[in-house]
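Q: Requesting a structural model of the entry that follows:
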Amino acid sequence: MKTNMFFCIILLAGMNLFGQQGWQYQNSNLTNNQFGALCAINRDTVYVMTDHGKLLKTRNGGTTWIEYNTGFTEPFFDLAFSNSETGFAAGRMGSIIKTTDGGLTWTKLTTGTNQDLFSVFIQNSASIWAVGDSGVVLHSSDNGATWLKNINMTTKRLNSICFHDGNIGYIAGNAGTLFKTTNGGLTWEVMAIVTNKDLYSLTSTPGYTYFLAGFVYDYMFESDEFYRTNDNLSWTNGYINTSIPGLSKLFFQNDSLGFVITSNLTTNGDYFISITKTNDSGQTWTSSFENWNPPGMTGIAYADIIFVTDSIGYALSGDNILKTTDGGSLVGIDHTPGDQASQPKILLYPNPCKDECSVSFLLDHSGMVSLKVFNANGELVENKELGYWKNGENKYTWNTSGFGKGGYYLQIITMNQVFGCKFIHD
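A: Residues are numbered from 1 along each chain as shown. Okay, here's the model as predicted:
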């Protein structure tokens, strides 16, 4: 058996940006943006909320973007429109702002809370919901004129709310917090789920409801696992084996077609964006877009993605807005290694391995470290808490004799670093 040292780089490749297939960057002139959200009314009309009080709007599918000043400078984390004119944005310190003229002017609403709000959902033309930090649940039954605050459900941070139809809805939060309503939100009940991970990014289709499970800290979201229900009673989970870990947002266009997006800053100081796609309700995932030399700064463990049709979708990451008109087909790879090739941050050896495997990784901080291994089907086959490790170069060796032959994917996870690489077990 031939043995060699395998250099596993965090980022693999960048997409070829030329041509009209796949994902294309939009000329939006965004600068210094970290957060924000997308909302698409139809294939031509799309709203993008960004930092510093800016709202971008296109009425021609991204050919041109109009910039509006909302008059409010706090970051906003979610955006929802009931029609082309009426919309809401939710953000920091309990802020909810509303427009009734397609984004031209905005009014700040009185919510009765100063907790950060991470998700806003329009149930119908009158009923609006928002959830946020410290278990805050807000509901308006008069299109945002007045809000009722519920703080008795939990003290955990709540990250996402959505309704599957007029009556069935879910709220997802930190440490495995999950609530369900079957009467349109009149009452909410705790739903048991076998995980203590942070839950976020709820999305619903006619047949399913999905969310991500991972790590939430400050305003950052990183996951490798999703949950799905088709009976509104029980949940099944799966793992998303991506070349660039740390998923920030999940969106399903229909029961089968779904996308996840991640963006971050590598330990070498390079920005990257990665989009992964499924056509079978999350059974298998394939790369849709990978680029670690984007034209603008990316969101740090924060991004958004939405589809209007099976073919037309938009994504937001920092200063970058992307659009696809062919369902996110992967059309090319443009290797731009920079200093990654000469300064790898993780090494795995030997590769292939047989009974024992070693991984060396370079930390930029001290803290708790965990190790995960996934098989070629994206199933979690190893999950170890490695304990507290100091900043600098570290090495861990473990027994792999129980692994079958084939390809695997390794993750080393800390609070603000995620390394990943592939290896072969012989």
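Q: Now for residue 309, how many residues are close by?
A: Burial measure for residue 309: 14 neighbouring residues, criterion other C-beta atoms under 10 Å. Quick note: C-beta positions are derived from backbone N, CA and C, even for glycine.
Q: again with residue 41
A: 18.
Q: Use 29 as the first number for this chain going forward.
A: Happy to do that; since the first residue is 29 now, the last one works out to residue 69.
Q: Please tell me I have it right and it contacts residue 85.
A: No: the pair residue 69 / residue 85 is not scored as a contact, 9.7 Å apart, by C-beta atoms under 8 Å.
Q: Low-confidence regions, the chain specifically.
A: Applying pLDDT under 70 to the chain picks out residues 29-48, 271, 294-297, 359-373, 404-406, 444-445.
Q: From the recorded domain assignment, give the ranges for the chain.
A: Listed by automatic domain parsing, the domain ranges of the chain are 42-362, 373-453.
Q: Of the ones you listed, flag the one that's most buried.
A: domain 42-362 (a mean of 19; mean count of other C-beta atoms under 10 Å).
Q: roughly how far is that one from the heart of the chain?
A: Domain 42-362 has its average C-alpha position 7 Å from the chain's average C-alpha position, going by C-alpha atoms, centre = their mean, to the nearest Å.
Q: shared neighbours, residue 69 and residue 85?
A: residue 75 (C-beta atoms under 8 Å, 6 or more residues apart in numbering).
Q: residues touching residue 242, list them.
A: By C-beta under 8 Å, 6+ apart, the neighbours of residue 242 are 225-226, 228, 249-253, 274-275.
Q: which stretch of helix or strand covers it?
A: Per DSSP states H and E: residue 242 is located in strand 237-245.
Q: So which of the contacts of residue 242 are in strands?
A: Those of those mapping onto strands are 226, 228, 249-253, per DSSP state E.
Q: Quickly list what the nearest residue to residue 159 once chain neighbours are set aside is bridged to.
A: Nearest residue to residue 159, sequence neighbours excluded (C-beta to C-beta, 6 or more residues apart in numbering): residue 186, at 3.8 Å. Judged by DSSP bridges, the bridge partners of residue 186 are residue 201.
Q: my guess is residue 186 contacts residue 160, does it?
A: Yes: contact criterion C-beta under 8 Å: residue 186 and residue 160 qualify, at 6.1 Å.
Q: any residues in contact with both of those two?
A: Residues touching both residue 186 and residue 160 by C-beta under 8 Å, 6+ apart: 146-147.
Q: Check the secondary structure at residue 162 for me.
A: Here residue 162 is recorded as helix under DSSP: H, G, I helix; E, B strand; the rest coil.
Q: That one and residue 200: what is the separation?
A: Distance, residue 162 to residue 200, using C-beta to C-beta, to the nearest Å: 15 Å.
Q: Could you do residue 84 as well?
A: 28 Å.
Q: Residue 450 now?
A: Counting by C-beta to C-beta - residue 450 and residue 200 are separated by 30 Å.
Q: do the same with residue 146
A: 10 Å.
Q: For the stretch 229-378 of the chain, which segments count as helices?
A: Using DSSP state H, counting those that start in this stretch, no helices are found in the stretch 229-378 of the chain.
Q: what's near enough to touch residue 247?
A: Counted by C-beta under 8 Å, 6+ apart, residue 247 has contacts 62-63, 103, 105, 330.
Q: got the contact list for residue 171?
A: Going by C-beta under 8 Å, 6+ apart, residue 171 touches 114, 153-154, 156.
Q: in the sheet, who's paired with residue 446?
A: According to DSSP bridges, beta-bridge pairing links residue 446 with residue 441.
Q: swap in residue 83?
A: residue 77, residue 96.
Q: Residue 327 versus that one, what's the distance?
A: Distance from residue 83 to residue 327, by C-beta to C-beta: 17 Å.
Q: What of residue 380?
A: For residue 380 relative to residue 327 (C-beta to C-beta), the value is 36 Å.
Q: again with residue 390
A: For residue 390, the distance to residue 327 - C-beta to C-beta - is 24 Å.
Q: now residue 395
A: For residue 395, the distance to residue 327 - C-beta to C-beta - is 22 Å.
Q: residues touching the residue lying closest to residue 339 once chain neighbours are set aside, list them.
A: Excluding the flanking residues, the one nearest residue 339 by C-beta to C-beta, 6+ apart is residue 355, at 4.9 Å. Listed by C-beta under 8 Å, 6+ apart, the contact set of residue 355 reads 285, 305, 338-339, 341.
Q: Can I get the residues you listed in a markdown table including distance to residue 232?
A: Listed next are the contacts of residue 355 as a markdown table, based on distance: C-beta to C-beta, whole Å:
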| residue | distance to residue 232 |
| --- | --- |
| 285 | 14 |
| 305 | 18 |
| 338 | 16 |
| 339 | 20 |
| 341 | 17 |
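Q: ok, what's across the strand from residue 148?
A: Under the criterion used (DSSP bridges), residue 148 bridges to residue 158.
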